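J.: test case, fold it:
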Amino acid sequence: MAMIKYQQLKKNLSADKRGFALLIAVIFMSVMLTLGLALSSIGYKQQMLASASIASQYAFYVADAALECALYADQQQSLFNYSSHSASNPPSAITCDNTQATQLSYSYDTNRLLVSERIPLDSNRHCADITVYKYKDPQSPTNMTTFFFSQGYDVPCDVVANPDGTRFVSRGISSNY
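T.: Sure thing, here's the model as predicted:
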(Lines give C-alpha, C1' and ligand atoms only; values in the text may rest on other atoms or scores of the structure.)
Protein backbone atom coordinates (compact mmCIF):
# COMPACT_ATOMS: atom_id res chain seq x y z
CA MET A 1 0.00 0.00 0.00
CA ALA A 2 2.84 2.38 0.78
CA MET A 3 4.40 1.49 -2.54
CA ILE A 4 1.22 2.39 -4.43
CA LYS A 5 0.96 5.79 -2.69
CA TYR A 6 4.63 6.49 -3.46
CA GLN A 7 4.18 5.71 -7.16
CA GLN A 8 1.00 7.80 -7.30
CA LEU A 9 2.78 10.73 -5.59
CA LYS A 10 5.74 10.38 -7.97
CA LYS A 11 3.36 10.43 -10.93
CA ASN A 12 1.62 13.61 -9.64
CA LEU A 13 4.97 15.41 -9.11
CA SER A 14 6.25 14.63 -12.61
CA ALA A 15 2.96 15.89 -14.12
CA ASP A 16 3.42 19.19 -12.24
CA LYS A 17 6.96 19.58 -13.60
CA ARG A 18 5.81 19.19 -17.19
CA GLY A 19 3.30 22.06 -16.79
CA PHE A 20 5.98 24.24 -15.25
CA ALA A 21 8.29 23.69 -18.22
CA LEU A 22 5.48 24.67 -20.58
CA LEU A 23 4.88 27.85 -18.56
CA ILE A 24 8.58 28.78 -18.73
CA ALA A 25 8.61 28.17 -22.52
CA VAL A 26 5.54 30.39 -23.05
CA ILE A 27 7.02 33.21 -20.94
CA PHE A 28 10.36 32.96 -22.78
CA MET A 29 8.66 33.07 -26.20
CA SER A 30 6.55 36.09 -25.12
CA VAL A 31 9.66 37.99 -24.05
CA MET A 32 11.44 37.13 -27.32
CA LEU A 33 8.41 38.18 -29.40
CA THR A 34 8.18 41.50 -27.53
CA LEU A 35 11.90 42.12 -28.03
CA GLY A 36 11.65 41.29 -31.75
CA LEU A 37 8.68 43.64 -32.24
CA ALA A 38 10.45 46.45 -30.39
CA LEU A 39 13.59 46.07 -32.52
CA SER A 40 11.61 45.98 -35.77
CA SER A 41 9.70 49.12 -34.72
CA ILE A 42 12.97 50.95 -34.01
CA GLY A 43 14.39 49.79 -37.35
CA TYR A 44 11.30 51.02 -39.22
CA LYS A 45 11.49 54.44 -37.54
CA GLN A 46 15.20 54.74 -38.35
CA GLN A 47 14.52 53.91 -42.01
CA MET A 48 11.74 56.53 -42.21
CA LEU A 49 14.01 59.14 -40.59
CA ALA A 50 16.83 58.39 -43.04
CA SER A 51 14.55 58.63 -46.09
CA ALA A 52 13.07 61.92 -44.81
CA SER A 53 16.60 63.27 -44.40
CA ILE A 54 17.46 62.40 -48.01
CA ALA A 55 14.26 64.02 -49.29
CA SER A 56 15.05 67.13 -47.25
CA GLN A 57 18.51 67.36 -48.82
CA TYR A 58 17.05 67.10 -52.33
CA ALA A 59 14.53 69.85 -51.54
CA PHE A 60 17.25 72.14 -50.17
CA TYR A 61 19.57 71.61 -53.15
CA VAL A 62 16.70 72.31 -55.57
CA ALA A 63 15.84 75.51 -53.68
CA ASP A 64 19.48 76.56 -53.80
CA ALA A 65 19.74 75.86 -57.55
CA ALA A 66 16.59 77.87 -58.27
CA LEU A 67 17.84 80.78 -56.16
CA GLU A 68 21.14 80.78 -58.05
CA CYS A 69 19.26 80.79 -61.37
CA ALA A 70 17.12 83.74 -60.24
CA LEU A 71 20.15 85.68 -59.00
CA TYR A 72 21.91 85.06 -62.32
CA ALA A 73 18.81 86.14 -64.25
CA ASP A 74 18.57 89.34 -62.21
CA GLN A 75 22.22 90.34 -61.98
CA GLN A 76 23.65 89.08 -65.29
CA GLN A 77 20.65 89.16 -67.63
CA SER A 78 18.73 92.08 -66.01
CA LEU A 79 15.58 89.98 -66.30
CA PHE A 80 13.92 91.62 -63.28
CA ASN A 81 15.03 95.19 -64.03
CA TYR A 82 12.26 97.33 -62.54
CA SER A 83 12.54 100.17 -65.03
CA SER A 84 12.12 97.94 -68.10
CA HIS A 85 8.74 96.51 -67.04
CA SER A 86 5.23 97.80 -66.57
CA ALA A 87 1.85 96.49 -65.48
CA SER A 88 1.26 95.08 -68.96
CA ASN A 89 4.88 94.07 -69.69
CA PRO A 90 5.98 91.24 -67.33
CA PRO A 91 9.55 89.94 -67.37
CA SER A 92 10.44 86.85 -69.34
CA ALA A 93 10.44 83.54 -67.46
CA ILE A 94 13.69 82.26 -65.99
CA THR A 95 15.49 79.55 -67.91
CA CYS A 96 17.25 77.15 -65.58
CA ASP A 97 18.65 73.68 -66.24
CA ASN A 98 17.70 74.17 -69.92
CA THR A 99 14.05 74.41 -68.86
CA GLN A 100 11.90 77.51 -68.91
CA ALA A 101 9.94 78.39 -65.78
CA THR A 102 6.19 78.93 -65.64
CA GLN A 103 5.06 82.29 -64.33
CA LEU A 104 2.65 81.84 -61.40
CA SER A 105 1.94 85.49 -60.63
CA TYR A 106 3.03 88.97 -61.62
CA SER A 107 2.33 92.30 -59.98
CA TYR A 108 3.69 95.73 -60.81
CA ASP A 109 2.94 99.23 -59.59
CA THR A 110 4.86 102.48 -59.24
CA ASN A 111 6.80 101.27 -56.19
CA ARG A 112 7.17 97.52 -56.49
CA LEU A 113 7.62 94.51 -58.76
CA LEU A 114 6.56 91.01 -57.65
CA VAL A 115 7.18 87.93 -59.79
CA SER A 116 6.56 84.32 -58.81
CA GLU A 117 7.65 81.42 -61.02
CA ARG A 118 7.73 77.61 -60.86
CA ILE A 119 10.82 75.86 -62.25
CA PRO A 120 11.10 72.13 -63.00
CA LEU A 121 14.66 70.95 -62.30
CA ASP A 122 16.70 67.76 -62.63
CA SER A 123 14.85 66.50 -65.73
CA ASN A 124 11.51 67.34 -64.06
CA ARG A 125 12.17 65.06 -61.07
CA HIS A 126 12.16 68.03 -58.67
CA CYS A 127 10.47 71.41 -58.56
CA ALA A 128 11.13 74.88 -57.15
CA ASP A 129 9.12 78.06 -56.71
CA ILE A 130 11.00 81.35 -56.87
CA THR A 131 9.57 84.69 -55.79
CA VAL A 132 11.30 87.97 -56.67
CA TYR A 133 10.19 91.11 -54.88
CA LYS A 134 11.67 94.52 -55.74
CA TYR A 135 10.56 97.80 -54.29
CA LYS A 136 11.63 101.43 -54.34
CA ASP A 137 12.50 103.22 -51.15
CA PRO A 138 9.95 106.09 -50.83
CA GLN A 139 12.60 108.41 -49.33
CA SER A 140 15.14 107.60 -52.05
CA PRO A 141 13.42 106.49 -55.30
CA THR A 142 16.72 105.61 -56.98
CA ASN A 143 17.40 102.88 -54.37
CA MET A 144 15.88 99.48 -55.11
CA THR A 145 15.72 96.66 -52.60
CA THR A 146 15.46 93.13 -53.95
CA PHE A 147 14.29 90.03 -52.09
CA PHE A 148 14.44 86.48 -53.43
CA PHE A 149 12.69 83.53 -51.85
CA SER A 150 13.16 80.03 -53.23
CA GLN A 151 11.10 77.02 -52.15
CA GLY A 152 12.40 73.61 -53.29
CA TYR A 153 10.40 70.37 -53.41
CA ASP A 154 11.54 66.76 -53.63
CA VAL A 155 8.79 65.88 -56.15
CA PRO A 156 7.94 66.98 -59.73
CA CYS A 157 6.00 70.19 -60.39
CA ASP A 158 2.80 68.39 -61.37
CA VAL A 159 2.69 66.78 -57.91
CA VAL A 160 3.23 70.18 -56.26
CA ALA A 161 0.40 71.66 -58.34
CA ASN A 162 -2.01 68.77 -57.58
CA PRO A 163 -0.79 66.82 -54.55
CA ASP A 164 -3.90 64.60 -54.11
CA GLY A 165 -2.70 63.58 -50.67
CA THR A 166 0.91 62.94 -51.71
CA ARG A 167 3.41 63.70 -48.98
CA PHE A 168 6.48 65.66 -50.00
CA VAL A 169 9.22 67.73 -48.43
CA SER A 170 9.84 71.42 -49.09
CA ARG A 171 12.73 73.60 -47.99
CA GLY A 172 13.13 77.31 -48.53
CA ILE A 173 15.96 79.81 -48.58
CA SER A 174 16.06 83.54 -49.17
CA SER A 175 18.45 86.25 -50.25
CA ASN A 176 18.27 90.00 -50.48
CA TYR A 177 20.38 92.96 -51.57
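J.: following the longest helix anywhere in the chain, which helix or strand comes up?
T.: Ranked by residue count and defined by DSSP state H, the top helix of the chain is helix 2-75. Using DSSP states H and E, the helix or strand that follows helix 2-75 towards the C-terminus is strand 95-96.
J.: strand partners (parallel or antiparallel) of that next one?
T.: Within its sheet, strand 95-96 is paired with strand 99-100 (antiparallel), according to DSSP bridges.
J.: which residues touch the strand it pairs with?
T.: Ala93, Ile94, Ile119, Pro120, Leu121, Asn124 (CB atoms under 8 Å, 6 or more residues apart in numbering). Just so you know, the C-beta spots here come from the backbone N, C-alpha and C atoms, and that holds for glycine as well.
J.: quick one: average confidence on that strand?
T.: Looking at strand 99-100 alone, the average pLDDT works out to 85.
J.: the next helix or strand along the chain from that strand pairs with which strands?
T.: Towards the C-terminus, the helix or strand next in line after strand 99-100, according to DSSP H and E, is strand 102-108. Note on strand 102-108: by DSSP bridges, its sheet partners are strand 112-121 (antiparallel).
J.: now do the partner strand against helix 2-75, angle only.
T.: Angle of strand 112-121 versus helix 2-75, following axes from the mean of the first three to the mean of the last three CA atoms, to 10 degrees, is 130 degrees.
J.: just list what the helix or strand just after strand 112-121 packs against, helices and strands only.
T.: Per DSSP H and E, strand 112-121 leads on to strand 126-136 as the next helix or strand towards the C-terminus. Other elements packing on strand 126-136 under the criterion 3 or more CB pairs under 8 Å, 6 or more residues apart in numbering; DSSP states H and E are helix 2-75, strand 112-121, strand 144-153, helix 157-161.
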